[in-house]
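Visitor: got a predicted structure plus its sequence, pasted below:
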Amino acid sequence: RYDLHCVKLYRGKEAVFINGKYKPVLSAGHVAIGGLKKAFRKLKSFVEREVRKFDGTIRKLRGQITNLTKVRFDKRIKDLKRKATIEAKKFYKSRAGKISKKILMLAKKKIQKAKNFMKPKMKAKLLKLLKSGKSKSQIKRLMYTEKSAAGLTKAFAKAAAFAALRIIAFEALKVTYNCWKYTGEPKRTCLRNELTTSTRDASFKILAKFVAIVLDLTVIEPMSHSASASVATTLAAATAGIGAVSYPIVYVTCSVTGNLLIWDLFTRVMRPHYNRLFSMIAADVRQFVGSLVRHIPASVLKCVGGPKVCGKLCPHGNYKDKRNVCWACPAGFAHDKRNKLRCSKKAWMKARYHGSGKLLPTSCPRGTFFDPIRGGTCWSCPRGMKRTVYPVTSTKACTSGSNTVQLQHLRATYHKKSGCPRGTFFDLIRGGTCWSCPRGTKRTVFSVASAKACVSGSIFKARYRRATHHKKSGCARGTFFDLIRGGTCWSCPAGSKRTAAAVTSTKACVRSMRRNTLRYARASFRKKGGCARGTFFDPIRGGTCWSCPRGAKRTIFPVHQSKACEGMVRQNARRNGVAR
């Protein structure tokens, strides 16, 4: 403690009178600072002592909190496992679809594998690795080595055998269930059809299962272990116990997800192609299955269990509803594939043939002819005249006399080479003209008058240019151009015209010598004629009568084809009595 009285001048300097002595101000500052340092040292030791006490308290609390949290965590995990087991059993019993069964089957298999990783010996190794701070590749190698110790070959053979047996057993149960209610020959027919379908489905499922097992053991397993090791090493940085628990969880999640994804992709992509290939041998498979079913004794082909099990059957072609009532479609209708109680007609139907038009009671009398005008009418030509190709109502419907045309073929006369200058080329446009492409370009297949008539560069970097028009072709008036020999000029003799024959042939030109003694007359209307009511006339086979099914209309297709009529009529099935 310092007794500060006053500050005075002492020997020309300011001094502080402390405890009866004068001390310079600077010395007083040193004394004050020294006291402060001493006080701070005491404060520091006090703080360090208190911090050590606080750390001890925190460690005690942390241990208590960790133990409490662990107890609660373990209790929560047990509750979740118990609830998950109960819900999984309920979900499995409900049989909510194939994919649900697949998920449960895979999850059960993978969880069983994950349990192996949580065995005391295996868990101790995993905890030791996580605490040692080794890399995830070392952890993955250890876990996969433990998995491989059982032998991948043995695992594949075992999984494949069990999968094949399970698929075959399931298909056998399905065939038995679908054909159980039949007796006698209907049961034999059902067995033949169901066994053929089951052969197709079972063979594809076994193939898909083999592919899934191979990919699971060679791709998905290493990938799942790699992901699990990565997550476990990351979480082990906080607590080794959490890292050990996370390993089987991540493993199950990755493995189940990968297997489901591969199964779904393989089924969606390959099933249509497989069905198409199987359809090529389906007839042979059905025949082979039929030969096996044929030898089953009739005494075995019975339904056991009474009416409640066997059910009441409907006649062939009928379908039963939920109330055990049979329904049938009217004549000309068929059951829809999606809704068996809805009936529909086919969109295309054949026309019905009724016979030749001239043999019907309402056909045209002898000496007259039929024309489809006005729905079908009968006409006649004046005596000595014949029917022409002109409309029956025109003044040239009938004709007599002759129209003789004598053709005389002649050669064309060669004149000269085409007159396009050198460096240009000929084109038939505008009666024959001369053109040229810019330097460095070539002629294309486009029109000579278009912007793409010429091209330069490669096919990947083509540059199109226009062609340049020069002049009219050099053939003289009265002559014509021909492409032969690179472009030449020709002419036909006076009074003749160019034909389609080669310009160098003897038939390049033609001259007609006509002698016309034709006389035309009108046709006379006789009466309404043609086909019976409800039918229509078609000129096929010299004139025949046809009709379309009720509700259908005539199309533009030939009358003898299956698409001659069209119609789409839908109606409900009619009740056909109670099943017996």
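Guide: The structure has been received and is ready for your questions.

Visitor: per-residue pLDDT, the residue nearest to residue 566 when sequence neighbours are not counted?
Guide: Nearest residue to residue 566 in three dimensions, chain neighbours excluded: residue 555, at 5.1 Å (Cβ to Cβ, 6 or more residues apart in numbering). In short, each C-beta sits where N, CA and C put it, glycine included. Per-residue confidence at residue 555 stands at 81 (pLDDT).

Visitor: how near is residue 555 to residue 548?
Guide: Computed as Cβ to Cβ, to the nearest Å, the residue 555 to residue 548 distance reads 9 Å.

Visitor: likewise residue 60?
Guide: Between residue 60 and residue 548 the computed distance is 99 Å (Cβ to Cβ).

Visitor: more neighbours: which of the two?
Guide: Neighbour comparison, residue 60 and residue 548: the larger count goes to residue 548, with 21 against 10 (by other Cβ atoms under 10 Å).

Visitor: find the residue closest to that one in space, skipping its chain neighbours.
Guide: Taking Cβ to Cβ, 6+ apart, and ignoring the residues beside it in sequence, residue 548 has residue 565 as its nearest neighbour in space, at 3.7 Å.

Visitor: now for the one you found, how many residues are close by?
Guide: Applying other Cβ under 10 Å, we find 24 other residues in the vicinity of residue 565.

Visitor: shouldn't it be in contact with residue 546?
Guide: No. Using Cβ atoms under 8 Å as the test, residue 565 is too far from residue 546 to be in contact (9.0 Å).

Visitor: in which helix or strand would I find residue 173?
Guide: Element membership of residue 173 [criterion: DSSP states H and E] is helix 152-179.

Visitor: who does that helix touch, helix- and strand-wise?
Guide: Using 3 or more Cβ pairs under 8 Å, 6 or more residues apart in numbering; DSSP states H and E, the elements in contact with helix 152-179 are helix 185-215.

Visitor: buried ones in the helix it packs on?
Guide: 187-188, 190-202, 204-206, 208-209, 212-213, 215 (16 or more other Cβ atoms under 10 Å).

Visitor: does anything pack onto it? Which helices or strands?
Guide: In this structure, helix 185-215 makes packing contacts with helix 152-179, helix 240-294, judged by 3+ Cβ pairs under 8 Å, 6+ apart.

Visitor: okay, these in CSV with mean neighbour count next?
Guide: Rendered in CSV, the data for these read as follows (neighbours: other Cβ atoms under 10 Å):
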stretch, mean neighbour count
helix 152-179, 14
helix 240-294, 15
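
Visitor: in CSV, list the ones you listed along with distance to residue 454 and mean pLDDT.
Guide: What follows is the helices and strands packed on helix 185-215, written out as CSV (distance: least, Cβ to Cβ, whole Å; pLDDT from 0 to 100):
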stretch, distance to residue 454, mean pLDDT
helix 152-179, 67, 76
helix 240-294, 49, 77
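
Visitor: make a markdown table out of the ones you listed and add distance to residue 485.
Guide: What follows is the helices and strands packed on helix 185-215, written out as a markdown table (distance: least, Cβ to Cβ, whole Å):
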| stretch | distance to residue 485 |
| --- | --- |
| helix 152-179 | 77 |
| helix 240-294 | 57 |
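
Visitor: nearest to residue 86, out of these?
Guide: helix 240-294 (18.8 Å; Cβ to Cβ).
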